[in-house]
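Asks: Here you go, sequence then predicted model.
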Amino acid sequence: MTLRTLAASLVFLLLAGSSPAQTGATQGRDPNRWEQSIRDFERSDRTNPPPRNAILFVGSSSIRIWNTLAKDFPGHQVINRGFGGSEIEDAVKYANRVVLPYRPRKIVFYAGDNDLYAGKSPEELSQHFEMFAFKVHEVLPKTKIIFISVKPSPARWHMIDKVMQTNALVEKHCDKKDGLVFVDVYPEMLGPDGKPKPELFKKDGVHLSEKGYALWTSMVKPHLKAPEPVTRR
C-alpha cells in the first residue's frame with residue numbers, strides 16, 4: 001500500500017468516524033436503494049458511451065429533472081447523472097461508477113436538502129462533501145467541482161437554519177481547497193420579504209420551476225467558461 005493510498009484510507013476512516021449517530025429517519029433507509037438507477041446508467045453507457053472531458057452534472061432530483069442542460073449550456077458537452085432523491089453520501093458511494101469513469105473536466109454538484117430532511121446534521125453534510133471531493137481529486141486532480149448551495153425550499157422552510165449552516169460550512173471548505181467552487185444561489189432565491197420566491201419553485205415547494213433553473217443556469221454558466229484558478233500555496 002502506497003503512502004498516498006494509506007493517507008486516503010485514514011482520511012475516510014476519520015471522516016466516517018466523526019459523524020454523529022444517525023436519526024431513525026436515516027437508519028431505516030436501504031443503503032442500496034439507488035442501485036437500480038446506477039445500473040440503468042451503466043447499461044446506457046455500454047450502448048451509448050458518453051464523452052470524456054465533458055461537464056458532469058450529478059446529485060439529487062434537482063439535477064435529475066434538469067432536462068434542459070444541453071439547451072442551457074450550449075457549446076458544452078454535458079452529462080446528467082442525477083438520481084432519485086439522493087443524498088451527498090450516495091454520490092460518494094457511487095462515484096466510482098457514475099463520476100470517475102467519465103473523467104469529466106468539471107463537475108456541477110447539487111445535493112443536501114434531502115440529507116437535512118432525513119435528519120442529518122450540517123456537519124455530516126459538509127464531511128460527506130469533503131469525502132466526495134477527496135475521492136474525485138484522488139483520481140482526477142484537475143477536475144473542478146462546482147457545488148451549488150443548498151436551496152431555500154418553501155416546503156422545507158422549517159430547516160432553514162440548518163440549510164444556512166450547511167452552506168457556510170461547505171463554502172468555508174471550498175475557499176480553502178483548490179479545484180472547488182461554491183456557487184451561492186441561496187440569497188438570489190429569496191424575495192424582499194426574506195422568504196423563497198414562489199415563482200422559482202414548482203407547486204410541491206421543493207423542486208425548481210423553469211424560472212428556478214434559469215436562475216441556476218445564469219449563476220453556474222460563468223464558472224464553466226472562467227479560467228482555471230491560480231493554485232493556492
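Replies: Nice, thanks for sending it over.

Asks: my read: Glu188 touches Trp216, true?
Replies: No: contact between Glu188 and Trp216 fails when scored by CB atoms under 8 Å: they sit 9.2 Å apart. The way it works is simple: take the backbone N, C-alpha and C, and place the C-beta from them, glycine included.

Asks: Neighbour count for the two, which is higher?
Replies: Trp216 (23 against 15; other CB atoms under 10 Å).

Asks: mind checking how far that one is from Leu180?
Replies: Computed as CB to CB, to the nearest Å, the Trp216 to Leu180 distance reads 18 Å.

Asks: what's the answer for Asp204, then?
Replies: Distance, Asp204 to Leu180, by CB to CB: 30 Å.

Asks: Looking at the two, which one has more neighbours?
Replies: It is Leu180, of Asp204 and Leu180, that has more neighbours when counted by other CB under 10 Å, with 22 against 9.

Asks: My guess is Leu200 contacts Gly191. True?
Replies: No: judged on CB under 8 Å, Leu200 makes no contact with Gly191 at a distance of 9.4 Å.

Asks: Which one's more surrounded, the two?
Replies: Ranked by neighbour count (other CB under 10 Å), Leu200 and Gly191 place Leu200 first, with 24 against 11.

Asks: Identify the spatial nearest neighbour of the more buried one, chain neighbours not counted.
Replies: Of all residues not flanking Leu200 in the chain, Gly212 sits nearest, at 3.8 Å (CB to CB, 6 or more residues apart in numbering).

Asks: One more: Pro101?
Replies: Here the residue nearest Pro101, using CB to CB, 6+ apart, is Asp45, at 7.4 Å.
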